[in-house]
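Asks: got a sequence here, can you model it:
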Amino acid sequence: MMKVEDGYEFTTFRGTDAGVVASKTRRAALTRNQVLVSITHSGVCGTDQNYRRAGCVLGHEGIGVVKALGPDVRALKIGQRVGWGYVHGIYGVTNLDQGSMAYAAIWPESALYAIPDKLASVDAAPMMCAGASIFAIYDQCGIKPNDRVGIIGLGGLGHMAVIFGAKLGVETVVFTHSVTKQIDAIVMGATEFIPLEDLPTIISARQKRQKKEREQHANDGLDDENKHGVDNDDNGDIRSLDHLIVTTTENIVWSTFFELMAPRGSVHLLTVGLNENLVVPSTTLIDSGLRVFGSLVAPRSVMLRMLDFAARHRVKPIVQKFPLTAEGINTAMRKLDEGTVRYRGVLETPKDSLYEVSS
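Replies: Numbers count the residues shown, from 1 in each chain. Below you'll find the predicted structure:
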């Protein structure tokens with residue numbers, strides 16, 4: 001451990017072709033608005049998988065304790081819990097020698113967020129990226145209480161969409177291949193659970209119902225208030241979706257989901273394959289007035305609202321904990337590859353590795 005006037009040296013974990021390995025990062029003494037954070041928790045995000053062979057320090061869902069302050073820091077205090085997300089520069093592009101998978105990091109005060117007392121650090125870590133990205137959609141895209149929101153995928157992002165949706169009073173309909181997750185989804189607050197394998201039958205029932213309605217009400221001129229149609233019936237049909245949050249694009253048949261959308265509904269994309277082009281059925285898109293949005297990181301104002309909301313409403317992600325060590329990170333990454341993390345991986349710094357500042 002280095003003296004304060006000499007700067008700081010701390011353990012970091014880099015992604016390499018051989019897996020995640022421990023390394024050392026050295027930074028000069030703090031200047032201006034810089035803040036030294038001793039990291040206690042780090043979320044494990046799918047984005048980290050994309051950089052795990054890039055040679056950079058991994059992690060962008062960090063929670064820790066302030067240990068030292070630059071001379072121009074105004075709001076934060078030593079001993080305060082803080083977190084940060086994807087934007088601190090840009091993850092994977094700048095600050096390649098530090099990240100949340102480490103025992104310390106140095107960030108500008110403007111990149112850090114005070115963690116509310118009612119929010120546990122282990123719960124806050126996944127919110128710094130996954131939670132904030134989901135909350136931004138609910139917060140900024142006109143989703144109202146009682147709207148019907150479809151959620152494709154029930155992993156780290158999808159389960160946050162269900163939990164936040166339940167707290168915000170929307171109806172959430174989960175679509176996933178993993179039928180074993182049905183009970184979990186309902187406990188999280190999902191209104192309905194639809195196995196993706198059942199969609200062809202549902203679409204067939206829907207088309208039959210719509211044909212019958214057209215024949216019976218050809219001259220009725222149904223308005224927006226009737227856009228959802230009838231309730232679920234014995235044929236397995238479901239009511240239309242006002243919004244669709246897409247947390248995985250694996251094997252998605254867009255024409256099927258566009259059939260489920262209400263007129264002027266919106267589709268929100270949170271993830272796509274790195275080399276994937278989005279091809280959607282243009283006729284349905286135009287005829288139904290659908291909108292497709294891309295969404296990535298939340299601005300600071302949304303992050304602050306998200307943390308306040310999560311604390312007041314006791315939002316708790318479902319996490320699987322791993323030690324913040326090279327072995328622990330590699331295990332978490334392997335389980336992420338296998339799709340067996342329930343539902344967001346969180347790394348915890350071993351007590352004997354917590355970073356302290358020498359005098």
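
Asks: when you work out contacts or count neighbours from here on, use the C-alpha atoms and nothing else.
Replies: Will do.

Asks: distance between stretch 118-128 and the chain's centre?
Replies: Between the centre of stretch 118-128 and the centre of its chain there are 12 Å (CA atoms, centre = their mean, to the nearest Å).

Asks: okay, buried residues for it please.
Replies: Neighbour counts over stretch 118-128 (16 or more other CA atoms under 10 Å) mark 119, 121-128 as buried.

Asks: for stretch 19-30, same thing?
Replies: For stretch 19-30, the neighbour count (16+ other CA under 10 Å) marks 19-21, 25-26, 29-30 as buried.

Asks: take the residues you listed and lay them out in a markdown table including secondary structure and distance to residue 205.
Replies: Shown next, in a markdown table, are those (DSSP: H, G, I helix; E, B strand; the rest coil; distance: CA to CA, whole Å):
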| residue | secondary structure | distance to residue 205 |
| --- | --- | --- |
| 19 | strand | 48 |
| 20 | strand | 49 |
| 21 | strand | 53 |
| 25 | strand | 59 |
| 26 | strand | 63 |
| 29 | coil | 67 |
| 30 | coil | 64 |
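
Asks: of those, closest to residue 146?
Replies: Closest to residue 146 out of the buried residues of stretch 19-30 is residue 20 (44.1 Å), distances taken as CA to CA.

Asks: ok, now which ones touch the closest one?
Replies: Counting by CA atoms under 8 Å, 6 or more residues apart in numbering, residue 20 touches 13-14, 52, 326-327, 329-330.

Asks: need the buried residues of stretch 118-128 in JSON lines with distance to residue 98, can you?
Replies: Shown next, in JSON lines, are the buried residues of stretch 118-128 (distance: CA to CA, whole Å):
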{"residue": "119", "distance to residue 98": "25"}
{"residue": "121", "distance to residue 98": "20"}
{"residue": "122", "distance to residue 98": "20"}
{"residue": "123", "distance to residue 98": "22"}
{"residue": "124", "distance to residue 98": "20"}
{"residue": "125", "distance to residue 98": "17"}
{"residue": "126", "distance to residue 98": "18"}
{"residue": "127", "distance to residue 98": "20"}
{"residue": "128", "distance to residue 98": "16"}
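
Asks: that older thread, please, a ChimeraX command that selects the buried ones among the contacts of residue 20?
Replies: In ChimeraX syntax, the buried subset of those is picked out as below (16+ other CA under 10 Å):
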select :13,14,52,326,329,330
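
Asks: min pLDDT across the contacts of residue 20, which one?
Replies: Here the lowest pLDDT out of these sits on residue 52, with 91.

Asks: that residue and residue 30: what is the separation?
Replies: Applying CA to CA, to the nearest Å, the value for residue 52 to residue 30 is 29 Å.

Asks: if we can go back for a sec, and the furthest pair within the contacts of residue 20?
Replies: The largest separation in the contacts of residue 20, counting by CA to CA, is between 52 and 327 at 13.8 Å.

Asks: in this structure residue 87 contacts residue 110, no?
Replies: No: using CA atoms under 8 Å, residue 87 makes no contact with residue 110, being 10.2 Å away.

Asks: which one of those two has more residues nearby?
Replies: Ranked by neighbour count (other CA atoms under 10 Å), residue 87 and residue 110 place residue 87 first, with 17 against 14.

Asks: for the residue lying closest to residue 166 once chain neighbours are set aside, what are its contacts?
Replies: Leaving aside its sequence neighbours, residue 166 sits nearest to residue 189 (CA to CA, 6 or more residues apart in numbering; 5.2 Å). By CA under 8 Å, 6+ apart, the contact set of residue 189 is 162-163, 165-166, 172.

Asks: just residue 333 next, same as before
Replies: By CA under 8 Å, 6+ apart, the residues touching residue 333 are 44, 49.

Asks: now the longest strand along the chain - C-alpha only, CSV.
Replies: Across the chain, the strand with the greatest residue count (assigned by DSSP state E) is strand 34-44. Extracted C-alpha coordinates of strand 34-44, given in CSV (Å, rounded to 0.1, in the frame of the first residue of the first chain):
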residue,chain,number,x,y,z
GLN,A,34,-11.2,13.0,-8.1
VAL,A,35,-12.6,10.4,-5.5
LEU,A,36,-10.9,7.2,-4.3
VAL,A,37,-13.4,4.5,-3.7
SER,A,38,-12.7,1.2,-1.9
ILE,A,39,-14.9,-1.3,-3.8
THR,A,40,-17.1,-3.7,-1.8
HIS,A,41,-19.4,-5.0,-4.6
SER,A,42,-19.5,-5.3,-8.4
GLY,A,43,-22.3,-6.4,-10.6
VAL,A,44,-21.7,-8.9,-13.4
